[in-house]
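**Student:** Model the structure of this input:
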Amino acid sequence: MFLGKHTPRLDDKNRVILPARFREALASGLVMTKGQDRCVVVWTVAGFEEYAERLRSGAVTSEKVRAYTRVLFASAYQEVPDKQGRITLPADLREFAGLDRDCVVVGQDTRIEIWDAAAWEAYLGAQEQSFVDLDGEVVPLV
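**Tutor:** Residues are numbered from 1 along each chain as shown. Okay, here's the model as predicted:
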């Protein structure tokens, strides 16, 4: 499970260092792709394969399914972090997410999101009240 918020920076080679507590789960490889809300999503390879399997259950005759899977898979990159836990963010993913220097790495349970720091702060500011309001709707009552 990936948890927490971390604030690394992109280095001059467009690498971001993964938080130490995330490295073991990603050491053998990861998949990164475009995410909703203009961020980069990072999955374990197994997690991405599981997500892809669920997508395969969608009807390929559905225009929405085809459009979503085309963008998702076309923007996906597989990588193995280096010994220092760094990954290189491809140019198209950096551009998509507006990543320039200051980043925020957010644990999202089964995946990680990499945000531009200013975009994350704007998003969080806009979502904090709805976080409070949605608790009863999003979390199933037992």
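**Student:** for the longest helix anywhere in the chain, packing partners?
**Tutor:** Of all the elements of type helix in the chain, the one with the most residues (DSSP state H) is helix 117-138. Applying 3 or more CB pairs under 8 Å, 6 or more residues apart in numbering; DSSP states H and E, one finds that helix 117-138 contacts strand 103-108. Heads up, the C-betas are built off the backbone N, CA and C, glycines and all.
**Student:** Grab the nearest non-local neighbour of A59.
**Tutor:** Spatially, and ignoring its direct neighbours in sequence, A59 is nearest to V65 (6.0 Å; CB to CB, 6 or more residues apart in numbering).
**Student:** If we go by neighbour counts, what in the strand or helix carrying that neighbour is buried?
**Tutor:** Assigned by DSSP states H and E, V65 belongs to helix 63-74. Of the residues in helix 63-74, those buried under the neighbour-count criterion (16 or more other CB atoms under 10 Å) are T69, L72.
**Student:** Mean confidence (pLDDT) on that helix, please.
**Tutor:** The average of the pLDDT scores along helix 63-74 is 92.
**Student:** Please give me every residue in contact with the residue nearest to L99 when sequence neighbours are not counted.
**Tutor:** When the adjacent residues along the chain are set aside, L99 lies closest to D116, with 5.4 Å between them (CB to CB, 6+ apart). Listed by CB atoms under 8 Å, 6 or more residues apart in numbering, the contact set of D116 reads R38, A97, G98, L99, D100, D102, C103, V104.
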